[in-house]
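Colleague: I'd like to go over a predicted model; first the sequence, then the structure.
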Amino acid sequence: MASWGALALGLLGTNAPLLAEDAANANGTAGTAKPPGRVVVLGDSITAGYGLDDPEAAYPARLQKKVEAAKLPYTIVNAGVSGDTTSGGLRRIKWALGPGADVLVIALGGNDGLRGIQPKQTEDNLTAIIDQAREKAPGVTILLAGMQMPGNMGADYTTAFQALFPKVAKAKNVTLVPFLLEGVGGDPKLNQPDQIHPTAEGQKIVAENVWKVLEPVLKK
């Protein structure tokens, strides 16, 4: 994997609009509209769409289009904040969930690794995020996106970092997205000049990586 540069800071994270379809009861009269389920994506600059000309090119917005194409009653909420770490995610998880969520996708940890934060601290933060999410939204289904570090972080560190995500997923009984940037990380053609943030084409692949795991969950 190519060496990655320092992470730029910024902020971009808007909630997708909520949509609801009116239902009719068995007699054909108008029923009470049922709001769509909420899928909250808690992430960093990759989730927020840092560096993209069009925020709709970020993978949460692409997931929304997939949801709509599949005619599934869900709204994707982009809770990505550029520069965020797992510590930041832990501080804001209950706020980010808002009124609650049916599904939570945790896509944090990349900045922890780039800053050399000890994997055990990242592991503890992710565990606490999951615990607080379940406290805030009992019954929420949680997906955890795995991350990896480039080789220049050192073999011991990269191995320990990569292993923490499946470890947390197994311990907390959540579904693992094996590697958020599978097929994208380290590819100059799919990343912006900093070699950290995916281009619009790279974001398409990121969306596919998440959708492979998210779609079966939403269809249950």
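Modeller: Nice, I can see it.

Colleague: so where do the helices sit in the chain?
Modeller: Assigned by DSSP state H, the chain shows helices spanning 45-48, 59-69, 86-97, 110-114, 119-136, 155-172, 200-218.

Colleague: quick one, the longest one and helix 59-69 angle?
Modeller: Looking back up the chat, that one is helix 200-218. Orientation check (axes from the mean of the first three to the mean of the last three CA atoms, to 10 degrees): helix 200-218 against helix 59-69 gives 50 degrees.

Colleague: For helix 200-218, name the packing helices and strands.
Modeller: With contacts taken as 3 or more CB pairs under 8 Å, 6 or more residues apart in numbering; DSSP states H and E, helix 200-218 sits against strand 37-43, helix 59-69, strand 103-107, strand 141-145, strand 175-177. Placement of C-beta: from N, CA and C, glycine included.

Colleague: Recalculate using a threshold of 7 Å.
Modeller: helix 59-69, strand 103-107, strand 141-145, strand 175-177 (3 or more CB pairs under 7 Å, 6 or more residues apart in numbering; DSSP states H and E).

Colleague: Check these for me and report the most buried one.
Modeller: Compared across those, strand 103-107 shows the largest average neighbour count, a mean of 26 (mean count of other CB atoms under 10 Å).

Colleague: could you say what helices and strands that strand packs with?
Modeller: Counting contacts by 3+ CB pairs under 7 Å, 6+ apart, strand 103-107 is packed against strand 37-43, helix 119-136, strand 141-145, helix 200-218.

Colleague: coming back round to it: and Asn78, which of the helices of the chain is closest to it?
Modeller: Between Asn78 and the helices of the chain, the tightest spacing by CB to CB is seen for helix 59-69, at 4.1 Å.

Colleague: What mean pLDDT does the closest one get?
Modeller: The pLDDT scores in helix 59-69 average 98.

Colleague: could you give the angle of it to strand 103-107?
Modeller: Between the axes of helix 59-69 and strand 103-107, defined by the same axes, to 10 degrees, the angle is 150 degrees.

Colleague: okay, the angle between helix 59-69 and strand 37-43?
Modeller: Helix 59-69 and strand 37-43 are oriented at 160 degrees to each other (the same axes, to 10 degrees).

Colleague: Mind pulling the model confidence for Gln148?
Modeller: For Gln148, pLDDT reads 97.

Colleague: in stretch 88-100, what's buried?
Modeller: 88-90, 93, 96-97, 100 (16 or more other CB atoms under 10 Å).
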